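> Only the shape, not the letters, is given here:
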């Protein structure tokens, strides 16, 4: 496989090894590895980081491995965003996987073919591995177009990532112009995303980097490619997880995967699937918005405790 793969790792050798094995099957000729450093107040984390990084030393195919390892802990938002800045400074396009997202092997070919097909089409910003339609068939083609850029396994181009801004400094102007209403139409969706983006704007270096990516794509009026079947499973649940410590917190963890069939059947139009997007908004992002709200409450409680 000629397309570079980017692998984002941290401190979970068990899940990292599972993803690594799928990357090994794909045999990319170039592998970028982004790693955060251990937190000094977390006992044993330095050892876990070391064990996780050791897995990368097991590359046994013809591959150029390029590492960007931080010796200090930057946190999820800064480490992922700065790492991807580094990758896109080196290559025009890449497939991106995190250490808890196990792709179906066909995701690599799916991404490589579509990265080439839409390389110069600025209407498309990203290619996703995720399909969150819970088995509902949304298209007779191999993929459909969406405003949602799911990032548990994805691929993109430098031309799209250049619009990324961790601090979403445009947010106040977007809010003043009520641009989310122009994008989302539905007021409930607008309210959810206003809460999300305001939370990010208030704390841009918190635990999230991906909402900023959604913001960047929306500000360019970009579409995402969603496969007709789900091509990835997130197995990052447990005490070591940054975001999800149990399946009860998020219903899209550990989803089953299917193979993408080839040759790909390309849609003869580039129009987003409104029905699929409405379903995504109602089933996925209402949960996330609530989580953001809970996070804000926790922050306020922690702040008041510190003041006391």
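Cool, got the structure. These figures come from a predicted structure and were not determined experimentally.
> What's the local residue count around residue 87?
21 (other CB atoms under 10 Å). C-beta coordinates here come from the backbone N, C-alpha and C atoms, glycine included.
> repeat for residue 38
In terms of burial, residue 38 registers 20 neighbours under the definition other CB under 10 Å.
> And for residue 74?
Residue 74 has 15 neighbouring residues, counting by other CB under 10 Å.
> Am I right that residue 55 is in contact with residue 16?
Yes: using CB atoms under 8 Å, residue 55 and residue 16 qualify as a contacting pair, with a distance of 5.4 Å.
> Compare neighbour counts for the two and give me the winner.
Summary of the neighbour comparison: residue 55 and residue 16, criterion other CB under 10 Å, with residue 16 having more neighbours (25 against 19).
> Could you verify that the more buried one is part of a helix?
Yes: using DSSP: H, G, I helix; E, B strand; the rest coil, the assignment for residue 16 is a helix.
> Give me the nearest residue to it, chain neighbours excluded.
Excluding the flanking residues, the one nearest residue 16 by CB to CB, 6 or more residues apart in numbering is residue 99, at 4.3 Å.
> What separation do you get for that neighbour and residue 259?
Distance check for residue 99 against residue 259: by CB to CB, to the nearest Å, it reads 23 Å.
> higher neighbour count, the two?
Summary of the neighbour comparison: residue 99 and residue 259, criterion other CB under 10 Å, with residue 99 having more neighbours (25 against 12).
> ranges for the helices of the stretch 1-150 of the chain?
Under the criterion DSSP state H, counting those that start in this stretch, the stretch 1-150 of the chain carries helices at the ranges 13-26, 45-56, 76-90, 106-117.
> which residues sit in contact with the residue nearest to residue 16?
When contacts are counted by CB atoms under 8 Å, 6 or more residues apart in numbering, residue 99 is found next to 7-10, 12, 15-16, 19, 52, 236.
> Looking at those, which one is closest to residue 173?
When the contacts of residue 99 are ranked by distance to residue 173 (CB to CB), residue 8 comes first, at 30.7 Å.
> rewinding a little: and residue 206, which of the helices of the stretch 1-150 of the chain is closest to it?
Nearest to residue 206, of all the helices of the stretch 1-150 of the chain, is helix 76-90, at 5.9 Å by CB to CB.
> quick check: mean pLDDT across that closest one?
When pLDDT is averaged over helix 76-90, the result is 97.
> Now it: buried residues?
Counting neighbours by 16 or more other CB atoms under 10 Å, one finds that the buried residues in helix 76-90 are 76-84, 87-88.
> what does stretch 218-225 give?
Within stretch 218-225, the residues scored as buried using 16+ other CB under 10 Å are 218-219, 222-225.
> got it, and stretch 25-34?
Residues of stretch 25-34 classed as buried under the neighbour-count rule (16+ other CB under 10 Å) are 26, 28, 30-34.
> Rebuild these as JSON lines, extending it with distance to residue 157 and pLDDT.
Formatted as JSON lines, the entries for the buried residues of stretch 25-34 read as follows, by distance: CB to CB, whole Å; pLDDT from 0 to 100:
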{"residue": "26", "distance to residue 157": "19", "pLDDT": "98"}
{"residue": "28", "distance to residue 157": "17", "pLDDT": "98"}
{"residue": "30", "distance to residue 157": "15", "pLDDT": "98"}
{"residue": "31", "distance to residue 157": "18", "pLDDT": "98"}
{"residue": "32", "distance to residue 157": "15", "pLDDT": "98"}
{"residue": "33", "distance to residue 157": "20", "pLDDT": "98"}
{"residue": "34", "distance to residue 157": "18", "pLDDT": "98"}
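> Please list the members of the buried residues of stretch 218-225 that lie in strands.
Here DSSP state E is the test, and the buried residues of stretch 218-225 give 223-225 as lying in strands.
> Compile those into JSON lines and extend it with columns for pLDDT and distance to residue 192.
Formatted as JSON lines, these follow (pLDDT from 0 to 100; distance: CB to CB, whole Å):
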{"residue": "223", "pLDDT": "98", "distance to residue 192": "20"}
{"residue": "224", "pLDDT": "98", "distance to residue 192": "18"}
{"residue": "225", "pLDDT": "98", "distance to residue 192": "23"}
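> quick one: which of these is nearest residue 144?
residue 225 (7.8 Å).
> Tell me, how many residues neighbour the nearest residue to that closest one once chain neighbours are set aside?
Of all residues beyond its chain neighbours, the one nearest residue 225 is residue 127 (4.5 Å), with distances taken as CB to CB, 6+ apart. Burial measure for residue 127: 28 neighbouring residues, criterion other CB under 10 Å.
> The stretch 201-308 of the chain: strands as residue ranges?
If DSSP state E, counting those that start in this stretch is used as the criterion, the strands of the stretch 201-308 of the chain fall at 223-227, 232-234.
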